[in-house]
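Asks: Generate a structure from the sequence data that follows.
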Amino acid sequence: MKTNHWYGNQLRILQTVLREPDIVGYDARSVVKYMEEIRANCLVINAGGVVDFFRNNLETANPNPFMTNEEILKDLVENCHRKGIKVIARVDFRGVDKRIYDLYPDWFAVDENGQPLYWGNSSASPNPLYTACYLSYYRNGHAFRFADILFQTYDVDGIWENAPFQIGACYCKTCREQYRKDTGKDIPRGGDFNGPQYDEYRQWKAGNLNRHLRNFREKVKSYGEDKIFCAEIFGLFYNQYAQTSSDLYQVKSDFDILVTPLFTANYQPLSAPSTLIKFLKGLEPEKVPVMLFGHLGTDNELRYVSSPDAETRIWMWQAVSSGGSLWNCLFNGHHPGVTFDRRNAYLCKDVYEYMEKHAELLNSQTPEADVAIYYSRNTNNLFGSGNRDKDAYITHIIGLEQALISSRLQYRFLPDLHLSEDSLRGVRCLLIPNGACLSDREIETIRKYVENGGNLLATYETSLYREDGTPRDDFGLNHVFGCSFTGIRKDASHYGYQYIRDRHPLTRGFEDTKLIANWGTNLLVRPLAGANTETPITYVPQIYPQPPERAWPRNFETGYPTCIVNGYGKGRSVYFPYGADKYVWSHGHRDFTTVLRNALDYLLEGRQHVRSNAPSSVHWTLNRAGNGFVLHAVNTTSGPKRPVLELVPVHDIQVELELEGNAVTEFQVLKSDAAVTLERTEPLHGGLIRLRIRIERLDEYSGIYMETSR
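Replies: You can find the predicted model right below:
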């Protein structure tokens, strides 16, 4: 439900995670002055938990040892409110130091041997944190009393709970008794915590987290609906469900905004912020999507030195281009202008200024999509991994996106919890990147979508498992795919090829070759008898390169297709029984991109919203906004390495758009590095109009707003 509260509008946030000595000489007026200069409208600041930044008489009070008579929360709230800036208090109840632990040891988590659990890797720290149990008074009663003081004494505008989750299993007396009461079982012991023996415990732990968040939200809202509650939950690119029983699905109802961290990192694609914001919009369209990032410390590791400025700028523009708000996090100093490394202190200033100037327009954006990517939470929980080498889900999405971006195709996300005949009604083409774990309901809904005229592209193990990860004998979507799994898997890595069997729209660009690249595990499939299938590309057994005299097969062509085109009812599908999408990203051979582009062009019949002569390093995003459309161009053209250190300008860009409407009634350049002109318009059939736009030079970012008569 849309809200008129302040957190329902665009957010330009600064967070300063203070160290203990940062309280010395803290100057609230200087902080507010800096925020005014960069056009930030919200500050997130330490209140306490691990270390308290205000005096209180709670039983586990842990005041900052550098604190004397300072009242930084009072000073900040008063100074910020005078300037119309909101203040969110950061609280952190994940753990405590030994002094607090010794007072109430039964509030804290223990391992299966009864030994205290330390938070994360803090056991290697000079000041390890003793992990607070999910069910403890510290996490709940103490935390809520802490919040009472913040609202009653300082009138903060909300709470941000850092690290509300717990890693691994807790075997404290409270957990053991409650788990036995709820399930009739003992908490599992030993083995791999990520394994299936802990699945029921994981669900139980997730329920405890949900209960905590719901109760914390109720506490915050007892001080008024205008008070905000949100917490640190890692989502999409950081799959932490197996360890923490937490993901964004759980919190979307309890948070007033959808925020999750995404720090710049070499193993994340440059399009990652755009991906994240589109995913958040798909998950909860009515809430403001926010990317938490930092201008210091690549991948949140080097927290004292600046991240490469060019790459960080790309990071911000990508999020803005998809309609996201920004949360810039600093881990030392009073504010970025007075910290140790000030090279990026004003890096976000013009981005925030642009966001503020066009806030109403940018805040209302929704994707104008050619295709929808189907997101399977069950598949990500069971097959995903934050380690890209082990991942078997998110890397498929990343690779698919790379193919879409290089084709200038516009996309949005359709999360599984929103899957229905209604949600599919406006989807021209549904993409399922290795959606391995699908329920019978999901399969039936997708089947009907194609039967009624929808288009489907799917890869690898899609529908080969039930929602709980148990394998099926065959694809649940076998009739839609037009093929059946033989049960045989073959490794095509290192010496893998595919054979061009027939000329077909999916083999365009391969006219001068009969062989193309293959990689990874291939599922050997056979067309279903009587199905309306075409199999233009087939599997080739590995050709070992040594000795070279014998590096040849008796026959390149086999009966196992690696690309199946099928007519099903009124619709069509293209299925790849290997990770064609994943290997766009992790392998990089152009053949994988080519077959995916061809499949998309075939299913969309050549129609798409955006075309351009710009290189694929220019990322285009087209959104509906207000009464019209906003086109964003983000330049990522740079040297052949990450992180990006400098951008190479792109000149004389032509871009063609196909929009709904009969004529252009408004054309406004929101931001550009050089001249942008609308060169030509052309009416098309079906109530569409084609616009041809010229961008003289793109250094970093351009934004264009257009309205059409309809």
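
Asks: mean confidence score for stretch 65-83?
Replies: Mean per-residue pLDDT for stretch 65-83: 95.

Asks: Now do the buried residues in that stretch.
Replies: Residues M67, E70, E71, I72, L73, D75, L76, V77, N79, C80 are the ones in stretch 65-83 that count as buried (16 or more other Cβ atoms under 10 Å). Backbone N, C-alpha and C define where each C-beta goes, glycine included.

Asks: following the strand or helix carrying the fifth one, which helix or strand comes up?
Replies: Applying DSSP states H and E as the criterion places L73 in helix 72-82. Toward the C-terminus, helix 72-82 is succeeded by strand 86-92 as the next helix or strand (DSSP H and E).

Asks: Output the buried residues of stretch 65-83 in JSON lines, with distance to A143 appended to each entry.
Replies: Output for the buried residues of stretch 65-83, formatted as JSON lines (distance: Cβ to Cβ, whole Å):
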{"residue": "M67", "distance to A143": "21"}
{"residue": "E70", "distance to A143": "23"}
{"residue": "E71", "distance to A143": "22"}
{"residue": "I72", "distance to A143": "21"}
{"residue": "L73", "distance to A143": "17"}
{"residue": "D75", "distance to A143": "24"}
{"residue": "L76", "distance to A143": "21"}
{"residue": "V77", "distance to A143": "20"}
{"residue": "N79", "distance to A143": "27"}
{"residue": "C80", "distance to A143": "24"}
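
Asks: now, among those, which is nearest to K227?
Replies: Closest to K227 out of these is V77 (12.7 Å), distances taken as Cβ to Cβ.

Asks: And E218, its phi and psi?
Replies: Dihedral angles of E218 (phi, psi; degrees, to the nearest 10) stand at phi -60, psi -40.

Asks: count of neighbours near it?
Replies: Neighbourhood size, E218 [other Cβ atoms under 10 Å]: 12.

Asks: What separation do you get for it and D256?
Replies: According to Cβ to Cβ, to the nearest Å, E218 and D256 sit 13 Å apart.

Asks: quick one: contacts of whichever strand or helix holds R692?
Replies: Using DSSP H and E, the element containing R692 is strand 688-698. For strand 688-698, contacts defined as Cβ atoms under 8 Å, 6 or more residues apart in numbering pick out 614, 618, 631, 633, 635, 649-664, 672-684, 702, 704, 706, 708.

Asks: Out of the helices and strands in the protein, which is least certain?
Replies: In the chain, the helix or strand scored least confidently by mean pLDDT, DSSP states H and E is helix 241-244, which has a mean of 88.

Asks: Nearest residue to the middle of this structure?
Replies: By Cα atoms, centre = their mean, the mean C-alpha position of the chain lies nearest to L276, the distance being 3.0 Å.

Asks: Enumerate every residue touching that residue.
Replies: Counted by Cβ under 8 Å, 6+ apart, L276 has contacts G235, L236, F237, T260, L262, P289, M291, A319, G324.

Asks: let's see it at 6 Å
Replies: Counting by Cβ atoms under 6 Å, 6 or more residues apart in numbering, L276 touches L236, L262, M291.

Asks: Model confidence at the residue of the chain most remote from its centre, what's the number?
Replies: For the chain, the C-alpha farthest from the mean C-alpha position belongs to E549; by Cα atoms, centre = their mean, that distance is 48.7 Å. Looking at E549, its pLDDT is 84.

Asks: how close does it get to P541?
Replies: Relative to P541, and taking Cβ to Cβ, E549 is found at 18 Å.

Asks: re earlier: for the residue nearest to the centre of the chain, which non-adjacent residue is closest in space?
Replies: Nearest in space to L276, with sequence neighbours left out and distances taken as Cβ to Cβ, 6 or more residues apart in numbering, is L262 at 5.2 Å.

Asks: right, and the one you found touches G294 too?
Replies: No. Applying Cβ atoms under 6 Å, one finds L262 not in contact with G294, separated by 9.9 Å.

Asks: domain ranges for this structure?
Replies: 6-89+134-168+196-362, 371-604, 610-709 (automatic domain parsing).

Asks: mean confidence for the shortest one?
Replies: Taken as a whole, domain 610-709 has a mean pLDDT of 96.

Asks: related to what we said a few turns ago, could you check how far the residue nearest to the centre of the chain is from A625?
Replies: L276 is 19 Å from A625, by Cβ to Cβ.
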